[in-house]
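**Q** this is the structure alone, sequence omitted:
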């Protein structure tokens, strides 16, 4: 009991938890107006040095990398040696990471490893549920950052994964989507609780919000009450390793996976409800046998949550040889896996961006995706859009994707053009421009904001 009382005092657990809801009056009131840094210079004031920043890189500790992890990695790589960027420091867990690539290594705590392990084990024994464990962990991270970050008040803090840590200088947060508001039942309970508690604090602290698409920007303005001028779109990019490949170039990787070039339908997604895999499987199972025999459905992605219904659909189709699960695919295998596919299917119910759509297009692969959320914006006129809640529409779309040669040729050509519009270099430049705006800086070489 004593431990719980101390925990409550440190983390504020006894305070009421603010639930986030669509059009929450509280968010439209106290937290609807983003704060500005109290010492932020006037808008027309120029600095004569590039911006210095602290990037929170906890997402790089997840293996395999998620879409957010890829975003953080590309930002760290791109900004580390960018000529228009000043000092870049990375912080993960409870300590600094000296260089971006070191964020892949386990982050050392301030105490010896053995002691740290015993300390956390004791915490797990004493705290009654996962929510309390997560809350305690986040509170310790906050305390560590406040202590270690106070000397870098002349830096900007960037939280690329929704949330910020307390900081005296200017701050920016990236909000990738609002699926936690629209589909709270599709997320782990601990994640929803964390966002309910911490996102209002982030909105109150941030000088601005970054997001991946105009669709999500409009949602942030409408549902979180953020003023339009404070939300900036910095679209994600696609890595140059995703490109069209001849059969000889994909042969080695596909042989390891027992696949043949252009002889499978690919779906790359974590097994979670938002990805809409049950409807995809039911629609696919209704295709003519000649189509499913020629193009088995290959599911690539890690296991998520709420997958019981999905398992009951997968197993019979696996028994017939129509579906195969690859699970986690090593990152260096993904480009050949994409390039060797006959098509990509991603009929998600909701996406903040949908990076696999671009990766498939850049690989010269035709794409079927959803007509909802940000996906039409990212896909442009290069993909076949379907209603993700209509299995008939998905089934007809899959047959066209795999069997209509005229459509396939057009989709490949348009997809390559669309993918070239999204680069990580552009994302990095736009992010640095947002840093400069938040700090009131301009590029000292040109005297103008980076575009």
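**A** Received, thanks. Just so it is clear, the model here is predicted, and its values are computed rather than measured.
**Q** contacting residues for residue 234?
**A** Residue 234 makes contact with 174, 210, 211, 212, 427, 430, 431, 434 under the criterion CB atoms under 8 Å, 6 or more residues apart in numbering. Where C-beta positions appear, they are placed from N, C-alpha and C, glycine not excepted.
**Q** out of these, what pair is the most spread apart?
**A** Spatial extent of the contacts of residue 234 (CB to CB) is set by the pair 212 and 434 at 12.9 Å.
**Q** who has more neighbours, the two?
**A** Looking at residue 212 and residue 434 with other CB atoms under 10 Å, you find the greater number of neighbours at residue 212, namely 27 against 24.
**Q** and residue 34, what pLDDT?
**A** For residue 34, the model assigns a pLDDT of 47.
**Q** next one: residue 103
**A** With respect to pLDDT, residue 103 scores 43.
**Q** ok, now the one 10 residues further on?
**A** Per-residue confidence (pLDDT) for residue 113: 33.
**Q** cool, and residue 121?
**A** 45.
**Q** what helix or strand is residue 215 located in?
**A** Applying DSSP states H and E as the criterion places residue 215 in helix 214-224.
**Q** could you say what helices and strands that helix packs with?
**A** In terms of contacts (3 or more CB pairs under 8 Å, 6 or more residues apart in numbering; DSSP states H and E), helix 214-224 is packed against strand 208-211, strand 231-233.
**Q** and the nearest residue to residue 387 once chain neighbours are set aside, how many neighbours?
**A** Distance criterion CB to CB, 6 or more residues apart in numbering; nearest residue to residue 387, sequence neighbours excluded, is residue 393 at 4.5 Å. Applying the criterion other CB under 10 Å, we find 17 residues in the vicinity of residue 393.
**Q** wouldn't residue 393 be in contact with residue 386 here?
**A** Yes - here residue 393 lies in contact with residue 386, judged by CB atoms under 8 Å, at a distance of 4.6 Å.
**Q** neighbours around residue 62, how many?
**A** Should you count by other CB under 10 Å, residue 62 turns out to have 12 residues around it.
**Q** hang on, it packs against residue 69?
**A** Yes - counting by CB under 8 Å, residue 69 is a contact partner of residue 62 at 5.3 Å.
**Q** from residue 159, how far off is residue 199?
**A** Residue 199 is 11 Å from residue 159, where distance means CB to CB, to the nearest Å.
**Q** quick one on the thing from earlier: of the helices and strands packed on helix 214-224, which approaches residue 136 most closely?
**A** Nearest of these to residue 136, taken as CB to CB: strand 208-211 at 27.5 Å.
**Q** isn't there a helix covering residue 338?
**A** Yes - secondary structure of residue 338, determined by DSSP: H, G, I helix; E, B strand; the rest coil: located in a helix.
**Q** residue 176 is in contact with residue 352, isn't it?
**A** Yes - shown here, residue 176 and residue 352 form a contact pair, counting by CB under 8 Å, at 4.2 Å.
**Q** looking at those two, which is more packed in?
**A** Comparing residue 176 with residue 352 by neighbour count (other CB under 10 Å), the higher total belongs to residue 352, at 24 against 21.
**Q** and the more buried one, what does it touch?
**A** With contact set as CB under 8 Å, 6+ apart, residue 352 has these partners: 176, 177, 178, 179, 211, 212, 213, 216, 373, 374.
**Q** please redo it, this time with the cut-off set to 6 Å
**A** Residue 352 makes contacts with 176, 177, 212, 216, 374, as judged by CB atoms under 6 Å, 6 or more residues apart in numbering.
**Q** repeat that for residue 134.
**A** Going by CB under 6 Å, 6+ apart, residue 134 touches residue 190.
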